[in-house]
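**Q** pasting the sequence and the predicted model now:
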Amino acid sequence: MWKVAGTAQEIAPSVTHAAVLRDPGFAHGIGQFAVIQAVAPSVGIEVSPIDLREPNQIERAIATFAQSPNGGIIVAASGVGASNVNLIITAAARYKLPAVYITTGFCCCWRIDLLWAEF
């Protein structure tokens with residue numbers, strides 16, 4: 001878990017802040033955020049939580065976060081995240097945000113500009 005922030009920095013060295021998408025009612029997501037928050041400063045990343053609730057709220061929160069440069073997304077484990085996997089991946093792509101997914105339901109890690117370069 002402590003490697004997640006470092007992975008974000010490796011795939012996108014320009015990332016200086018990351019939104020951690022989490023379900024505030026899911027204990028693992030809360031714990032994952034705490035670990036990420038503790039480790040992130042050591043790799044030069046500031047993190048802030050985005051609580052996952054409704055699909056339209058998720059899209060708006062990602063769009064708002066994307067207005068600041070040098071951002072990235074870390075998706076913590078959650079049922080809400082898993083049920084909105086396509087929405088989250090599409091929003092990350094739309095706003096060109098590098099993203100790291102903790103669960104394999106998304107993918108191990110993914111960087112939009114590398115993904116598009118392969119097509």
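**A** Done, it's in.

**Q** how many neighbours does the residue lying closest to Ser14 once chain neighbours are set aside have?
**A** What sits nearest to Ser14 in space, not counting adjacent residues and going by C-beta to C-beta, 6 or more residues apart in numbering, is Asn70, at 5.2 Å. (Glycine included, C-beta is placed from N, CA and C.) For Asn70, the neighbour count with other C-beta atoms under 10 Å is 13.

**Q** ok, Asn70 to Glu46 distance?
**A** The spacing between Asn70 and Glu46, counted by C-beta to C-beta, to the nearest Å, is 10 Å.

**Q** list residues touching both of the two?
**A** Shared contacts of Asn70 and Glu46 (C-beta atoms under 8 Å, 6 or more residues apart in numbering): 16-17.

**Q** can you verify my assumption that the residue nearest to Ser14 contacts Thr16?
**A** Yes - the pair Asn70 / Thr16 is scored as a contact, 4.4 Å apart, by C-beta atoms under 8 Å.

**Q** please report phi then psi for the residue nearest to Ser14.
**A** The phi and psi values for Asn70, taken as degrees, to the nearest 10, are phi 60, psi 40.

**Q** how much space between it and Ile45?
**A** With distances defined as C-beta to C-beta, the gap from Asn70 to Ile45 amounts to 10 Å.
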